[in-house]
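Peer 1: Return atomic coordinates for the entry below.
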Amino acid sequence: MSLRAAMTLRWQLVLLIVAALTVAQIISLLLFADERSLAIRAALGFEAAGRAANVARLIEEAPPDLHASILRAASSPLVRFDLSEKALVQHSDHFHGGLVESRIRALLDDSYSRDIRVELHQIEGQLMPLANLSREMTEMHMAMMRGELTAIEMNLSIAISGGRWLNVGTRFERPPIQWPLESMLAFALSASVLLIVVVWFVMARLTGPLRRLARAADRLGRGEDVPELPVAGPTEVRDLTVSFNRMQERLTRFVNDRTRMLAALGHDLRSPLTAMRVRAEMVDDDETRDSIITSVKEMQGMVEATLTFARGLTGSEPPERVNLRDYLGGLCQTLPAEVALQGPDDTELHLRPNAMRRALRNLIENALRYGQAARINWQKTGGEVVLTLDDDGPGIPEDQLDKVFDPFVRLEESRSLKTGGHGLGLSIARTIIQSHGGDVTLSNRPEGGLRARVRLPSGLAANTERETP
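Peer 2: Numbering: from 1, shown residues only. The predicted model follows:
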């Protein structure tokens, strides 16, 4: 059995919801991390632009002998300022640097007269911290960034009065996603456990009624009496339960009506048949009298067989759990010939003992009558018990293997009329076995003889499973 088939509906729904929420959380975290990175980059870019505008204003307003001091004071490990005759940026990137340029112009109260050039590009490959960082700052920076130094470098060239250029170089790294492993594990475990507990009990409202409905349908299929199921759960499950109760009521009423009809028919036929037999005794001609009496006896036998067949359709007998070897052993002791039994000693079945005894007796007597011997083997296969009954008879024509289960069907060769049967034995056997949720089939053995294969549910899952909400 595959893992998917073995999982209950409740577990499948819980895992599906947990998986969907996990994927949604991962996507949300990735989107949040990207938004966070963009926000930090924008803030750093505007901060660098503001510092560059202030330094440019100071350079233009301060005497030349203070320019070097202003540049030294403004520079930092992450931003470099330089005053040169040549612009560091040759071509401005208006598409990506437009906001930075606008920010600088606003701070300098300049419209479009001053030449301001902005260049932005992403640094790829192995990236080291800025060259003017100290060794301690470099190590601290690498530890903070966890070695993932992907960055965007921004270079500015601002035209200063006197024909010079203020060149600014800065870099801002993409901040790594700060996901501490311990915090993530604690969150994942607590959220998963809470989610599973909540969903588990919520799903009980759906799966509980479905479990009861499945067990009731299985019991009904085996012919057991099933009380009316309580209507509970979601609307769809409630409607399904109501439909099941209605179907069960109709089936029970149909079977009972048919059984009562057959019983009434049999009762009504007994009286005229008895009268016919009494009158037949008064016939003087011996041959005529014997012929009439034989016909009446045959009609009475058919009536009794029909009533027996009808009684086999009812499930009034309560089911019991039996040990198969002991059960078959007790049955075979009442037969006129010895029957070989072979199978596991611990095999148990949940069945109606008297009804199943009638079905198996019909099959075994059939094998003894036409096959001179009978051998029964059984084995457990999944949730079923398979019984095979072999004989050494002539077998049955292939095209008649299923037809012999029809009521009142008797074969003229291997199953002759001389046996005295009415053709209902196999029909009764199949009806009883099917009412237990199983089936019986016939096949000719390659080495000769007939094999009857009976499949019956063990009933373990349906009857020993603990009731869950």
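Peer 1: Show me the chain divided up by domain.
Peer 2: Following automatic domain parsing, the chain resolves into domains at 8-179, 214-316, 317-464.
Peer 1: Make JSON lines out of the ones you listed and add distance to T207 and mean pLDDT.
Peer 2: Quick note: C-beta positions are derived from backbone N, CA and C, even for glycine. Listed next are the domains of the chain as JSON lines, based on distance: least, C-beta to C-beta, whole Å; pLDDT from 0 to 100:
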{"stretch": "domain 8-179", "distance to T207": "4", "mean pLDDT": "74"}
{"stretch": "domain 214-316", "distance to T207": "9", "mean pLDDT": "77"}
{"stretch": "domain 317-464", "distance to T207": "16", "mean pLDDT": "83"}
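Peer 1: Between these, which one is closest to V202.
Peer 2: Among those, the nearest to V202 by C-beta to C-beta is domain 8-179 (9.2 Å).
Peer 1: that older thread, just put the domains of the chain in TSV and tack on distance to L195.
Peer 2: Converted to TSV, those look like this (distance: least, C-beta to C-beta, whole Å):
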stretch	distance to L195
domain 8-179	6
domain 214-316	20
domain 317-464	29
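Peer 1: so which of those domains is the most packed in?
Peer 2: Among the domains of the chain, domain 317-464 has the highest mean neighbour count (mean count of other C-beta atoms under 10 Å), at a mean of 17.
Peer 1: For D285, grab phi and psi.
Peer 2: With angles defined as degrees, to the nearest 10, D285 sits at phi -70, psi 120.
Peer 1: Please report the distance of it from V296.
Peer 2: To V296, D285 is 16 Å away according to C-beta to C-beta, to the nearest Å.
Peer 1: Quick one: the helices in the stretch 251-400 of the chain, in order.
Peer 2: 286-311, 324-332, 353-371 (DSSP state H, counting those that start in this stretch).
Peer 1: In TSV, list those along with distance to E398.
Peer 2: Shown next, in TSV, are these (distance: least, C-beta to C-beta, whole Å):
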stretch	distance to E398
helix 286-311	26
helix 324-332	29
helix 353-371	17
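Peer 1: Tell me which of these lies nearest to N155.
Peer 2: Closest among those, using C-beta to C-beta: helix 324-332, at 89.6 Å.
Peer 1: How about exporting that closest one as CSV, limited to the C-alpha atoms?
Peer 2: Taking C-alpha atoms only, helix 324-332 is exported to CSV below (Å, rounded to 0.1, in the frame of the first residue of the first chain):
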residue,chain,number,x,y,z
LEU,A,324,-11.6,-20.1,11.5
ARG,A,325,-9.9,-23.4,12.2
ASP,A,326,-12.2,-24.2,15.2
TYR,A,327,-15.2,-23.0,13.2
LEU,A,328,-14.4,-25.2,10.2
GLY,A,329,-13.5,-28.1,12.4
GLY,A,330,-16.8,-28.1,14.1
LEU,A,331,-18.6,-27.9,10.8
CYS,A,332,-16.7,-30.8,9.2
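Peer 1: what residues does that helix touch?
Peer 2: For helix 324-332, contacts defined as C-beta atoms under 8 Å, 6 or more residues apart in numbering pick out 338-339, 341, 343, 345, 347-349, 353, 357, 360-361, 364, 376, 378, 385.
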